[in-house]
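J.: quick check, what structure comes out for this input:
(chains A and B)
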Number of protein chains: 2
Amino acid sequence: MEKITLGPMPYMSVMPTLLVGANVNGKANYMTAAWATVACMAPPMVCVALNKTRYTVKGIEENRTFSLNVAATGQVIETDYCGIASGASADKSKMFTSFYGLLKTAPMAEECPVNIECRLFRSVDCGSHLLYIGEVAEIHADKNCVTDGKPDVGKIHPIVYAQATYYAVGTVTGKAFSDGKKYEKQ
Amino acid sequence: MEKITLGPMPYMSVMPTLLVGANVNGKANYMTAAWATVACMAPPMVCVALNKTRYTVKGIEENRTFSLNVAATGQVIETDYCGIASGASADKSKMFTSFYGLLKTAPMAEECPVNIECRLFRSVDCGSHLLYIGEVAEIHADKNCVTDGKPDVGKIHPIVYAQATYYAVGTVTGKAFSDGKKYEKQ
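T.: Numbering: from 1, shown residues only, chains lettered A, B, ... in the order given. From the prediction side, this is the model:
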């Protein structure tokens, strides 16, 4: 296969589509983010990269808490709006029914099937973006999106993000920690 | 919608499926990872979380370089094997055709459609895991997986990871920075 070089760019194959919830000046705000993943197993942590100019940054710095709310395929329009409109000029506090958990200051959107409530562990200054690493204080989920005590991707219908496009999760192509055993037998 | 709490856990809705390439003791090694995302736009950075006990950690610490190789749906068996078998006991150096780029010490798998070549920017000790943040030195891609100078998800067929299951990318459900405009008009 012929390889070509494309130059350095902030590339990732597929990403989650989330709403970052933060209280800014005492009011709930939600912004769309896809640059996020799990950062640690024990203690459980997640991370999300935010441009330093984002309104949400003010809220995370102020409260040292935030939430990651999993958007579902049926919420594409609201979700995308939260990435277009800044909380600096648009009041997004009424777009969702906000609720608060253990940390008191991390607003979560009731309409999203899963809500990851986080306390700030560390922020890493990477340049244009701050990488916020948060310890997971609690996972909140719609009761009907849970199977065996865990959020169930088949019930949540999360949005996959790639190349400025929102996708549904597709067909199953394999099982982890299982299919690889076939390779050993080759 | 009735919400329930599931306790703190390292949850993310969907993740990429990657092979982390590193030279360990002078030999190419590849391990499966899904806890990865973009960390910064300028300079371009990505991050990946690895358990401290991983064999790959030795190579990243030694060379301060690594690669993230995007696995395609046709590579599920090899990919999953790299998550089951540790380089400490299995020689994975011949599983893929390794090539090296600008950084000389970050092995990349030619068989993977996209290869992200990274120099270590910072490692963050989160507990059980180290979050490695790498500056993207170069993006290498199969020529036939590129459209308008960028890797094309429709040609790559990347694997989405969720709940120990590998999925294909599904149908398009929306366009980012576009569909949200409909909300403004409501």
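
J.: can you list the weak-confidence ranges in chain A?
T.: Low-confidence segments of chain A, defined by pLDDT under 70: A:185-186.

J.: and the longest strand for it?
T.: strand A:129-142 (DSSP state E).

J.: need the next SSE after it, C-terminal direction.
T.: strand A:146-147 (DSSP states H and E).

J.: so in that sheet, which strands flank that next one, and in what orientation?
T.: Strand pairing for strand A:146-147, determined by DSSP bridges: strand A:150-151 (antiparallel).

J.: so does the longest strand of chain A get close to chain B?
T.: Yes - using CB under 8 Å from any CB of the partner chain, strand A:129-142 reaches chain B at A:His129, A:Leu131, A:Ile133, A:Glu135, A:Val136, A:Ala137, A:Glu138, A:Ile139, A:His140, A:Ala141, A:Asp142. In this view, the C-beta of every residue, glycine as well, is placed from N, C-alpha and C.

J.: quick check: the nearest residue to the second one once chain neighbours are set aside vs B:Pro43, distance?
T.: Nearest in space to A:Leu131, with sequence neighbours left out and distances taken as CB to CB, 6 or more residues apart in numbering or on different chains, is A:Val124 at 4.3 Å. The spacing between A:Val124 and B:Pro43, counted by CB to CB, to the nearest Å, is 13 Å.

J.: higher neighbour count, those two?
T.: Between A:Val124 and B:Pro43, A:Val124 has the larger neighbour count (other CB atoms under 10 Å in any protein chain shown), namely 20 against 15.

J.: so which strand or helix has that one?
T.: Counting by DSSP H and E, A:Val124 is found in strand A:114-125.

J.: what does A:Gly154 give?
T.: helix A:153-156.

J.: give the pairing partners of whichever helix or strand comes after that helix; include direction for each.
T.: Elements were assigned by DSSP H and E; along the chain past helix A:153-156, the next helix or strand is strand A:160-162. Paired neighbours of strand A:160-162 in the sheet (DSSP bridges): strand A:15-16 (antiparallel), strand A:165-175 (antiparallel).

J.: which residues touch the closest residue in space to A:Glu135 that isn't next to it in sequence?
T.: Setting aside the residues directly before and after it, A:Glu135 is nearest to A:Phe121 in space (CB to CB, 6+ apart), at 4.8 Å. The contact partners of A:Phe121, by CB atoms under 8 Å, 6 or more residues apart in numbering or on different chains, come to A:Met45, A:Ile133, A:Gly134, A:Glu135, B:Cys126.

J.: shouldn't the residue nearest to A:Leu131 be in contact with B:Ile133?
T.: Yes - under the criterion of CB atoms under 8 Å, A:Val124 makes contact with B:Ile133 at 6.5 Å.

J.: who touches both of these two?
T.: The contact lists of A:Val124 and B:Ile133 share A:Leu131, B:Ala39, B:Arg122, B:Val124, where a contact means CB under 8 Å, 6+ apart.

J.: most neighbours out of those residues, which is it?
T.: That'd be B:Ala39 among the shared contacts of A:Val124 and B:Ile133, by other CB under 10 Å, with 31 neighbours.

J.: and that residue, what is it in contact with?
T.: A:Trp35, A:Cys47, A:Ala49, A:Val124, A:Cys126, A:His129, A:Leu131, B:Met45, B:Val46, B:Cys47, B:Ile133.

J.: run the last query once more with 10 Å
T.: With contact set as CB atoms under 10 Å, 6 or more residues apart in numbering or on different chains, B:Ala39 has these partners: A:10, A:12, A:35, A:37, A:47-49, A:124, A:126-127, A:129-131, B:45-48, B:121-122, B:131-136.

J.: with A:Ile116 instead?
T.: By CB under 10 Å, 6+ apart, A:Ile116 lies in contact with A:18, A:21, A:36, A:38, A:44, A:46, A:48, A:66-70, A:106, A:108, A:134, A:136-141, A:151, B:8-13.

J.: run through the bridge partners of the residue lying closest to it once chain neighbours are set aside.
T.: Among residues not flanking A:Ile116 along the chain, A:Leu68 sits closest, at 4.2 Å (CB to CB, 6+ apart). Beta-bridge pairing for A:Leu68 (DSSP bridges): A:Val20, A:Ile116.

J.: I'd say A:Leu68 and A:Met45 touch.
T.: No - A:Leu68 lies out of contact with A:Met45 (CB atoms under 10 Å); the separation is 11.4 Å.

J.: joint contacts of those two?
T.: With CB under 10 Å, 6+ apart, A:Leu68 and A:Met45 have common neighbours A:Cys118, A:Gly134, A:Val136.

J.: beta partners of the last one?
T.: Think A:Val136. A:Cys118.

J.: what about it, how many neighbours?
T.: There are 23 residues near A:Val136, going by other CB under 10 Å.
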